[in-house]
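Peer 1: Sequence and predicted structure, then a few things I'm wondering about:
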Amino acid sequence: MKQEKINRNSIFTPFIDKEIKPQKLIELFSSDNETFCDLYFKHLPNEYTLTKDLSKLIKSQSKCISNCDFPDFLRALGAICLNVFIGPKRILFDITYSCNLDCLYCRRHSPINPGDEEKLIPERAHDFFPYDELVQVLDDAQDMMVEEVLLVGGGEPSIHPQFFDIVKAVKVRGFLLSFSTNGLSMTSKLADLIVNEQVDNVTVSVSGVSFESYKKTHPSMSQKGFDRLFNNFEYLHSKRRKYIAEHKVEYSKPFCIFLHVITSDNYHEVIDMALIGQEYGFDTIWYKLVHPSEWSRHLCLNEEQAAQVKEDFKYLKTVAPKLKIKIDDYMDHEIDNLEPSGDWSGYFHDEKRCFVGWNFSYVDLSTDYSFCCGDRIIGQSKSYDNYKQFWTSDEYKKVRKCGRDINYGEKNIVGYNGVSLIDDFCKSCDNTNFNEEMEDLIHDYGLSKFL
Ligand SMILES: C[S@@+](CC[C@H](N)C(=O)[O-])C[C@H]1O[C@@H](n2cnc3c(N)ncnc32)[C@H](O)[C@@H]1O
Ligand code: SF4
């Protein structure tokens with residue numbers, strides 16, 4: 001019998017050819033009482049032998065992996081084998097460029113940003129992600145066991161003309177759904193939809209809890225508009241309460257996140273932000289230090305302001321256990337790394353690896369594919385028949401390797417839009433939590449030594 005030798009990259013070839021079939025792998029190799037290693041050798045057809053390296057890797061996997069843990073195991077294993085065996089855990093869609101607000105710190109829509117090139121393209125203002133193409137990606141995502149869909153992007157997602165249909169299309173396919181909004185168009189109709197559909201997470205970016213500070217950060221806002229915003233929060237909270245009463249459940253989705261970008265105009269409100277968030281029924285509060293651009297440096301905290309925020313956080317940490325709102329992140333990492341220029345950095349140092357290519361994917365408004373939130377277009381939809389083909393492509397594979405190994409000799413890659421895969425933006429990466437999730441998995445499965 002002719003023997004075929006397989007290596008890390010072809011670890012599952014004897015079972016599934018080249019197709020991506022996570023369901024089949026789960027069926028074969030997940031179990032509560034047999035280890036992955038035992039199952040692998042049990043199912044391996046006789047005509048295959050393993051390279052020494054792969055044999056060592058398989059033999060190191062002496063844990064039983066249950067079917068609910070197996071998808072994440074496949075992502076971790078993918079990062080070690082430089083291949084993909086399952087889709088990303090989450091896909092983000094950038095569904096619109098347009099916005100109904102003018103946050104001063106926003107790269108796209110700030111009234112004081114002189115330079116966003118896209119602002120100069122009039123059609124861009126009315127650009128929305130095509131619904132049919134979004135549904136096609138969702139179908140592929142379902143097939144590849146993606147778990148969560150994020151609707152965010154460069155503008156305000158809730159003003160997409162088919163936003164209601166998008167929410168339904170995501171939920172009907174069984175994905176977790178999270179979206180980010182400024183809350184202005186969260187009218188009773190939208191609040192009813194997101195509660196009735198049990199949307200999973202809604203992050204509301206507010207960045208100020210008094211009209212004075214809100215107005216500084218959003219110059220176009222009127223007192224009436226500001227009051228309407230808080231009325232929207234009140235309605236959403238009451239709708240969730242009603243859902244609990246009607247369905248006799250303990251809790252109603254969505255999990256509501258009160259997000260504040262902290263600047264020199266609102267830093268004095270950090271305590272009030274938590275208390276008001278609690279009053280309006282938010283489940284958690286996120287503080288995020290402003291990410292400065294050249295034109296917005298004056299919004300960064302100076303030393304004195306940063307010290308005051310740290311002091312206020314100290315107080316919040318002592319009262320937090322008694323609050324009904326959870327304080328998820330005191331932006332300690334950001335504020336501890338704050339430089340006099342207003343930049344905060346330190347995340348992506350010279351020993352770090354980037355693993356987000358295995359658990360996160362970003363579909364740009366243009367329908368092309370970005371590697372992450374850093375606007376790095378690494379694949380063009382016109383070159384592929386569908387999203388699945390891109391996810392499993394050699395092009396994506398090369399980029400993943402670059403992110404993983406850039407600090408270990410890999411050459412940087414420049415995206416189709418001229419943005420390099422790894423650049424200074426990585427130092428204050430928006431996806432640190434996704435990267436940390438992968439680091440933990442690789443560590444927990446004892447895979448770090450195979451990197
Ligand atoms: C660009 S917005 C798009 C979604 C929606 N319009 C919103 O405001 O939530 C996505 C997130 O980025 C945050 N953001 C925008 N510019 C920022 C900056 N310069 N620094 C930190 N966060 C920023 C917003 O507050 C929001 O939470
Ligand atoms: S609401 Fe979001 S997209 Fe609109 S200006 Fe503010 S941060 Fe930018």
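Peer 2: Structure's in. What do you need? Residues are numbered from 1 along each chain as shown. Ligands and ions are numbered 1, 2, ... in the order given.

Peer 1: Every contact and neighbour count from this point should use C-alpha atoms.
Peer 2: Noted.

Peer 1: what's the pLDDT at residue 394?
Peer 2: For residue 394, the pLDDT comes out at 97.

Peer 1: Now do the same contact list for the residue of the stretch 201-350 of the chain found nearest ligand 2.
Peer 2: The stretch 201-350 of the chain approaches ligand 2 most closely through residue 205 (7.1 Å), counting by Cα to the nearest ligand atom. Neighbouring residues of residue 205 by Cα atoms under 8 Å, 6 or more residues apart in numbering: 180-183, 258-261.

Peer 1: check contacts around the closest residue to ligand 2 within the chain.
Peer 2: Proximity to ligand 2, evaluated over the chain using Cα to the nearest ligand atom, is greatest for residue 155 at 3.7 Å. By Cα under 8 Å, 6+ apart, the residues touching residue 155 are 95-99, 108-109.

Peer 1: just to revisit the earlier point, hey, what's the residue of the stretch 201-350 of the chain closest to ligand 2 bridged with?
Peer 2: For residue 205, the beta-bridge partners under DSSP bridges are residue 259.

Peer 1: Neighbours of the residue nearest to residue 223 when sequence neighbours are not counted, how many?
Peer 2: Spatially, and ignoring its direct neighbours in sequence, residue 223 is nearest to residue 211 (6.6 Å; Cα to Cα, 6 or more residues apart in numbering). Per other Cα atoms under 10 Å, the neighbour tally for residue 211 reads 17.

Peer 1: okay, the contacts of residue 155 in a markdown table with distance to ligand 1, pLDDT and secondary structure next?
Peer 2: Conversion of the contacts of residue 155 to a markdown table gives the following (distance: Cα to the nearest ligand atom, whole Å; pLDDT from 0 to 100; DSSP: H, G, I helix; E, B strand; the rest coil):
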| residue | distance to ligand 1 | pLDDT | secondary structure |
| --- | --- | --- | --- |
| 95 | 10 | 96 | coil |
| 96 | 9 | 94 | strand |
| 97 | 9 | 88 | coil |
| 98 | 9 | 89 | coil |
| 99 | 7 | 92 | coil |
| 108 | 7 | 85 | coil |
| 109 | 9 | 89 | coil |
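
Peer 1: and which of those is nearest to residue 253?
Peer 2: residue 95 (22.6 Å; Cα to Cα).

Peer 1: pretty sure the closest one contacts residue 158?
Peer 2: No: taking contacts as Cα atoms under 8 Å, residue 95 lies outside contact range of residue 158: 9.1 Å.

Peer 1: who has more neighbours, the two?
Peer 2: residue 95 (30 against 26).

Peer 1: quick one, what contacts that one?
Peer 2: Residue 95 makes contact with 128-129, 151-153, 155, 157, 160, 364-365, according to Cα under 8 Å, 6+ apart.

Peer 1: do residue 448 as well
Peer 2: Per Cα under 8 Å, 6+ apart, neighbours of residue 448: residue 442.

Peer 1: Which other helices and strands does the helix or strand harbouring residue 27 contact?
Peer 2: Using DSSP states H and E, the element containing residue 27 is helix 22-29. Counting contacts by 3 or more Cα pairs under 8 Å, 6 or more residues apart in numbering; DSSP states H and E, helix 22-29 packs against helix 36-43, helix 70-81.

Peer 1: who touches the lowest-mean-pLDDT helix or strand in the chain?
Peer 2: Sorted by mean pLDDT, DSSP states H and E, the helices and strands of the chain end with helix 332-336, the least confident at a mean of 87. For helix 332-336, contacts defined as Cα under 8 Å, 6+ apart pick out 288-289, 306, 344-345.

Peer 1: From the chain's centroid, how far away is that helix?
Peer 2: On the basis of Cα atoms, centre = their mean, to the nearest Å, helix 332-336 sits 20 Å off its chain's mean C-alpha point.

Peer 1: what do you get for stretch 360-377?
Peer 2: Averaging C-alpha positions (Cα atoms, centre = their mean) puts stretch 360-377 12 Å from its chain's average.

Peer 1: and if you look at stretch 385-399?
Peer 2: That offset, for stretch 385-399, works out to 19 Å (Cα atoms, centre = their mean).

Peer 1: Can you give me the buried ones in it?
Peer 2: 387-392, 396-399 (16 or more other Cα atoms under 10 Å).

Peer 1: What about residue 353, how many residues nearby?
Peer 2: Residue 353, neighbours per other Cα under 10 Å, totals 18.

Peer 1: tell me the contacts of it?
Peer 2: For residue 353, counting by Cα under 8 Å, 6+ apart, the contacting residues are 403-407.

Peer 1: rerun at 6 Å
Peer 2: Counting by Cα atoms under 6 Å, 6 or more residues apart in numbering, residue 353 touches residue 404.

Peer 1: Confirm that it sits in a helix.
Peer 2: No: secondary structure of residue 353, determined by DSSP: H, G, I helix; E, B strand; the rest coil: coil, with no helix assignment.

Peer 1: For it, what are phi and psi?
Peer 2: Note on residue 353: backbone dihedrals following degrees, to the nearest 10 are phi -120, psi 150.

Peer 1: Do you know the pLDDT at it?
Peer 2: Residue 353 is given a pLDDT of 96.

Peer 1: What parts of this structure come near ligand 2?
Peer 2: Residues of the chain found near ligand 2 (Cα under 6 Å from any ligand atom) are 99, 101-103, 106, 109, 154-156, 182.
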